[in-house]
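Enquirer: No sequence on hand, only this structure:
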DNA sequence: GAAAACATTCACGTAAACGGAAATGATAAC
DNA sequence: GTTATCATTTCCGTTTACGTGAATGTTTTC
């Protein structure tokens, strides 16, 4: 079988890297370890079209790029921090993908009116995301205030108790 | 069978309600409708020990109090806004329950040193919750900044495009 | 007091988000 | 060049958070 050289990078980078900057590729286990997840999860994310690794070796091994890793980090933030479902995340990310496509088209596009339309669409999607995020933040802030208030009460109680215990040790004090 | 009177409230309220203030009790369907959820969900929450209705009728019907409803609202906020799992929520709420028990004991407790210990514990639990909330908020703020930055880019692009289109339509004019 | 409308408890079903094992192939190490 | 260590796909299992009846009991309404 025509096994290509994995040791010799025959087709390293055709991108705009100016000099000896070779873009790193990671195998699934390394990615899983680095980002505190599992191989199964990474394959699952690919299965549902959420994270498609940039490349594959001749043998079929997945190869993740730095962009893939950044994307995965974003996915994790959305999931763990914000509690979005993978379906919601996929929607968000696809919106982002569209945005990138728009950006690519943006360079090509000759008609300024068409460019403008693309921008407007990307803008709309971003504002949508912003709304969701800000709603969640408001909810969190509310909770934070509740907790802080409680903590304030405890502080007060502690203060009173200390005074009281002092008073018990040495009577002759006006009660609270 | 000794069916008690549901129409005549023989044992209305033995709590500290001073006058004709009778505390409302709601049946499962009303609660479900009001809080935008389902009866099944309410029963499930009870099943996992998350929301135990205050009372039951002789026949076994669940009766929810206003406190129960407030609790349910809190559960929903934790779940929908913050994306906590029901297990996490249960942990949080049980911490809160413990806090309330502490508070009840606090009234009874004669020993100030014991009171102090209880306060310290409640304080610890609240700080724990605060950490989780603030971590989530930091993540959200990060996302918000990302989105705002993108929106700024769009604004810039839009500005450029408008200028460009102006220039193409009517050359020889200063932009408006 | 009988029907309608609501409730109850099983009990099984389901979608999401993976876990884990089996059979097999690819790379790396020696 | 073979062995050990990765990887692959396939498929079935699991947990969470409920949905959806079925069989039955209770409360309300007439």
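Expert: Here it is on my side, so go on. None of the values given here were measured: they were computed from a predicted structure.
Enquirer: the helices in chain A, which residues?
Expert: Remark: helices assigned in chain A by DSSP state H are A:28-34, A:39-47, A:66-76, A:86-108, A:112-169.
Enquirer: Out of those, the one nearest chain B is which?
Expert: Closest to chain B of those, according to CB to the nearest CB: helix A:112-169, at 3.4 Å. In short, each C-beta sits where N, CA and C put it, glycine included.
Enquirer: Go ahead and name everything in contact with the least confident helix or strand in chain A by mean pLDDT.
Expert: Using mean pLDDT, DSSP states H and E, helix A:86-108 stands out as the lowest-scoring helix or strand of chain A, at a mean of 80. Outside helix A:86-108, the residues that touch it by CB atoms under 8 Å, 6 or more residues apart in numbering or on different chains are A:45, A:48-50, A:71, A:74-75, A:78-79, A:84, A:115, A:118-119, A:121-122, A:125-126, A:128-129, B:150, B:157.
Enquirer: For residue A:113, which residues are in contact?
Expert: Contacts of residue A:113 (CB under 8 Å, 6+ apart): residue B:165.
Enquirer: okay, and for chain A, where does confidence drop off?
Expert: By pLDDT under 70, the low-scoring segments of chain A are A:1-22, A:168-176.
Enquirer: circling back to that earlier point, what's the closest of the helices of chain A to DNA strand D?
Expert: Nearest to DNA strand D among those is helix A:28-34 (3.0 Å), distances taken as CB to the nearest atom of the strand.
Enquirer: and the closest one, anywhere near DNA strand D?
Expert: Yes - with CB under 7 Å from any atom of the strand as the measure, helix A:28-34 is seen reaching DNA strand D through A:28, A:29, A:30.
Enquirer: If any of those are buried, give me the PyMOL selection for them.
Expert: Of those, the buried ones can be selected in PyMOL as follows, counting by 16 or more other CB atoms under 10 Å in any protein chain shown:
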select buried, chain A and resi 28
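Enquirer: Distance check, residue A:80 against residue A:104.
Expert: As judged by CB to CB, to the nearest Å, residue A:80 and residue A:104 stand 30 Å apart.
Enquirer: With neighbour numbers in mind, choose between those two.
Expert: Between residue A:80 and residue A:104, residue A:80 has the larger neighbour count (other CB atoms under 10 Å in any protein chain shown), namely 14 against 10.
Enquirer: contacting residues for the residue nearest to residue A:135 when sequence neighbours are not counted?
Expert: If the residues on either side of it in the chain are set aside, residue A:135 comes closest to residue B:81, at 7.2 Å by CB to CB, 6 or more residues apart in numbering or on different chains. Going by CB under 8 Å, 6+ apart, residue B:81 touches A:135, A:136, A:139, A:140.
Enquirer: How about residue A:48?
Expert: With contacts defined as CB under 8 Å, 6+ apart, residue A:48 is in contact with A:86, A:90.
Enquirer: now it: how far from residue B:52?
Expert: Distance, residue A:48 to residue B:52, using CB to CB: 37 Å.
Enquirer: what do you get for residue A:155?
Expert: Separation of residue A:155 from residue B:52 (CB to CB): 31 Å.
Enquirer: Next, count neighbours for the closest residue in space to residue A:66 that isn't next to it in sequence.
Expert: Distances taken as CB to CB, 6+ apart put residue A:24 closest to residue A:66, at 6.2 Å, once the chain neighbours are dropped. Neighbour count of residue A:24, defined by other CB under 10 Å: 10.
Enquirer: same question, residue A:114
Expert: Residue A:114: 12 neighbours (other CB under 10 Å).
Enquirer: dump the residue contacts of the residue nearest to residue A:129 when sequence neighbours are not counted.
Expert: Leaving aside its chain neighbours, residue A:129 sits nearest to residue B:147 (5.6 Å; criterion: CB to CB, 6+ apart). Going by CB under 8 Å, 6+ apart, residue B:147 touches A:126, A:129, A:130, A:133.
Enquirer: again, only this time at 10 Å
Expert: By CB atoms under 10 Å, 6 or more residues apart in numbering or on different chains, residue B:147 lies in contact with A:125, A:126, A:127, A:128, A:129, A:130, A:131, A:132, A:133, A:134.
Enquirer: ok, now residue A:51?
Expert: Contacts of residue A:51 (CB under 10 Å, 6+ apart): A:31, A:41-45, A:64, A:68-69, A:71-72, A:74-75, A:89-90, A:93.
Enquirer: ok, so of those, who is nearest residue B:56?
Expert: Distance to residue B:56 across those (CB to CB) is lowest for residue A:89, with 41.6 Å.
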